[in-house]
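What would the 3D arrangement of this be:
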Amino acid sequence: MAFDRTTTVEGKKYRQLVESKWDPEKKQSRIHVIKHLGRVMEKDGKEKLIPSQLKFDSVDHVYPVGELALFWKVAEEFEVQKSISKAIGRDDKDTSMAILILAINQLVGRKSLTKIGDWVSETPIPRWTKIDTNKLNKDYFLSALDNVSAQNENLNSSYSYKIQNNITNAWRKIIGNEPERYYFYQDITRIRWNGNQSILAENGYGAQIGRPHIGFGLVISKDSYMPVMGYPVRGSSPDKTTVEETVDNLSRWKTKNITLVWDRGFVSKPNIDYARKEHFHVLSGGPHTSKEVDDWITKYTDSEIEKRENILEMSRGNGVYCIEDTGELYGRNCKIVVMLDPQRRNNSRIERDLLIQELESEKSGKKIAELKKELSPIVKPARGRRGYEINRDDEELARRLDGRSLFFSTDITMPGKELIRTYFQKDHIEKAFRYLRGNACLAPIGYQLPNRVEAYLSVVNFISYELIAAILWKIEKFNLGIGYESMMEKASKIFEIEFTSKGSKLYRWTHISKEDEKLFKPFNILSVRS
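As a prediction, this is how the structure comes out:
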């Protein structure tokens, strides 16, 4: 049964026509608003209803606007379009607008080039920008990519690194510089390729071995996880071959006190020499393929390392022991830290001893072959009835290496425990790749021309990740107490309704509570609400 009620919002009274409905999920009655009747005003001690002037002739369109508004306002605050236009110089804003739309399409629309125009037409973007949606065809976006990175018979030119530099300078004005030293994390991910092999797309290296793919290298900052540089990598190129290009491009900034934090795959003497020649420091882990690394790892006994003053808490209830030294590694004087994880050491030794025991009692030839392979290089082929022998020297070396890792920095002033913590923060770049693959829909790549692939990876996806990183930074800065995924879920529930009233178009946002308004206040998304 319907009835009138008076409700108060921000000190103002409103009259509504409501009815009580049973909610089967919550198993209780809930009030359902049928109609807003108007505002209640008090005059001469009496209440008077002022009927609502807003009457809908028709509801014309409904669109999920929350995520789009969130990314759009972040891009505006961090001057994405301005950074693109400033780099290209001759831009009449078409290129910068097209690139921004491509980046946000990666995050929200995920439409093909031929369908982006229709998608934009359904969104509030035309009202926000006054853009002519009729020109948003495939050629409009391909031309923008060609303006960023051009290729012809005589000349290859690209504004990618200039755009990245401008974008980095823009976020630095907001976030600020890191004190004393810049720590940049560098890594590469491999992306599936759709199409024929080209100068970039090859059967090649890493997890995508034997399949056509392209590598995408990314450099991010330590404290804010904002992107610093992105670049394509040929499918057949190992990670370590990309270091010189990275160092050369970062050198153009004329920025001092840069430390590159590498995964072990980048480590080699030539790469370290090249970085130091340009006055960059290097911080990384030592690969076990190096004899001098193994010599350092086995230099100390367990009792020398396992001292109370050497313990470092890695996570709640889990600690490791670290002993630091200074000495030569890869031809450079380095701060060297040997880390011992007692739990991992004990597990490795128990597992190996059980496998050797199983091998010595096994009768099945097939099972013996499997165990020999698993225990290589400790177990080697040999003449005789068993067909193998256990190399006691290699077994002893393996026991001395159990649970141990080496980390080093060419900056010998760096405290050992800070070195370890900095290295393990490199999981933030792994998170960056996960966001790009998932939230930014990085793979597979559909572009064919190398210059467009370069523009897509180095600019479009660079911007896509920057917008994600900027949201993460704001969540932390303003102590919003919510994760990225949860915030995006809340944003995805905000819709814009377009309706006609008395011949005029009106727009209203739904499903955004006062609590949500406070949550999204640092992003200023309500400024685009009509």
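
Strands of the stretch 151-300 of the chain, residue ranges please.
For the stretch 151-300 of the chain, strands defined by DSSP state E, counting those that start in this stretch occupy the ranges 156-158, 182-192, 202-203, 212-221, 227-233, 258-262, 281-285.

Generate a markdown table for those, with distance to residue 456 as supplementary columns.
In this view, the C-beta of every residue, glycine as well, is placed from N, C-alpha and C. Formatted as a markdown table, the strands of the stretch 151-300 of the chain follow (distance: least, C-beta to C-beta, whole Å):
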| stretch | distance to residue 456 |
| --- | --- |
| strand 156-158 | 12 |
| strand 182-192 | 10 |
| strand 202-203 | 17 |
| strand 212-221 | 10 |
| strand 227-233 | 9 |
| strand 258-262 | 25 |
| strand 281-285 | 29 |
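
looking at those, which has the lowest confidence?
Mean pLDDT is lowest for strand 202-203 out of the strands of the stretch 151-300 of the chain, coming in at a mean of 73.

Now do that strand: distance to the chain's middle.
For strand 202-203, the separation from the chain centroid amounts to 25 Å (computed by C-alpha atoms, centre = their mean, to the nearest Å).

Just checking: what are the partner strands of that strand?
For strand 202-203, the pairing partners within the sheet under DSSP bridges are strand 212-221 (antiparallel).

Just the angle for the partner strand relative to strand 227-233, thanks.
Interaxial angle, strand 212-221 versus strand 227-233 (axes from the mean of the first three to the mean of the last three C-alpha atoms, to 10 degrees): 160 degrees.

if we can go back for a sec, same list (the strands of the stretch 151-300 of the chain) but as TSV, adding distance to residue 450 and mean neighbour count.
What follows is the strands of the stretch 151-300 of the chain, written out as TSV (distance: least, C-beta to C-beta, whole Å; neighbours: other C-beta atoms under 10 Å):
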stretch	distance to residue 450	mean neighbour count
strand 156-158	9	13
strand 182-192	14	22
strand 202-203	12	16
strand 212-221	10	24
strand 227-233	8	24
strand 258-262	26	23
strand 281-285	30	24
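
Ok, which of those strands comes nearest residue 169?
Within the strands of the stretch 151-300 of the chain, the stretch nearest residue 169 is strand 227-233; the backing value is 10.8 Å (C-beta to C-beta).

Quick one: residues in contact with the closest one.
Contacts of strand 227-233 with the rest of the structure, by C-beta atoms under 8 Å, 6 or more residues apart in numbering, involve 160-161, 164, 167-168, 184, 188, 200, 214-221, 239, 242, 245-246, 249-250, 432, 453-454, 457-459, 461-462, 465-466, 469.

now stretch 404-417
The contact list for stretch 404-417 (C-beta under 8 Å, 6+ apart) reads 181, 259, 272, 275-276, 281-286, 293, 296-298, 312, 322-324, 326, 329, 332-341, 345, 419-420, 422-423.

Endpoints of it, how far apart?
Its start and end residues considered, stretch 404-417 measures 15 Å (C-alpha to C-alpha, to the nearest Å).

What of stretch 330-347?
Between the opening and closing residues of stretch 330-347 there is a gap of 31 Å (C-alpha to C-alpha).

Stretch 405-422 now?
End-to-end distance for stretch 405-422: 15 Å, by C-alpha to C-alpha.

Mind checking the pLDDT average for it?
In this model, stretch 405-422 carries a mean pLDDT of 95.

for residue 314, what are its contacts?
Contacts were defined as C-beta under 8 Å, 6+ apart; by that measure residue 314 touches 320, 424.

how close does it sit to residue 286?
Residue 314 sits 18 Å away from residue 286, going by C-beta to C-beta, to the nearest Å.

now swap in residue 527 and tell me
From residue 527 across to residue 286, the span is 51 Å (C-beta to C-beta).

Compare those two (neighbour count), which wins?
When neighbours are counted by other C-beta atoms under 10 Å, residue 527 and residue 286 differ, and residue 286 comes out ahead with 23 against 9.

thought that one was touching residue 264?
Yes. In this structure residue 286 lies within contact range of residue 264 using C-beta atoms under 8 Å: 7.3 Å.

Within its sheet, name the partner strands of the host helix or strand of residue 49 and how each one runs.
Under the criterion of DSSP states H and E, residue 49 resides in strand 46-51. Strands flanking strand 46-51 in the sheet, each with its direction: strand 28-43 (antiparallel) (DSSP bridges).

Need the contact partners of the strand it pairs with.
By C-beta under 8 Å, 6+ apart, the residues outside strand 28-43 that reach it are 2, 4-6, 12-23, 47-52.

Now, of those residues, which are buried?
For these, burial is judged from neighbour counts taken by 16 or more other C-beta atoms under 10 Å, and it is met by 14-16, 18.

List the contacts of residue 510.
Contact analysis of residue 510 by C-beta under 8 Å, 6+ apart lists 494-497.

On the pLDDT front, check residue 91 for me.
What the model reports for residue 91 is a pLDDT of 59.
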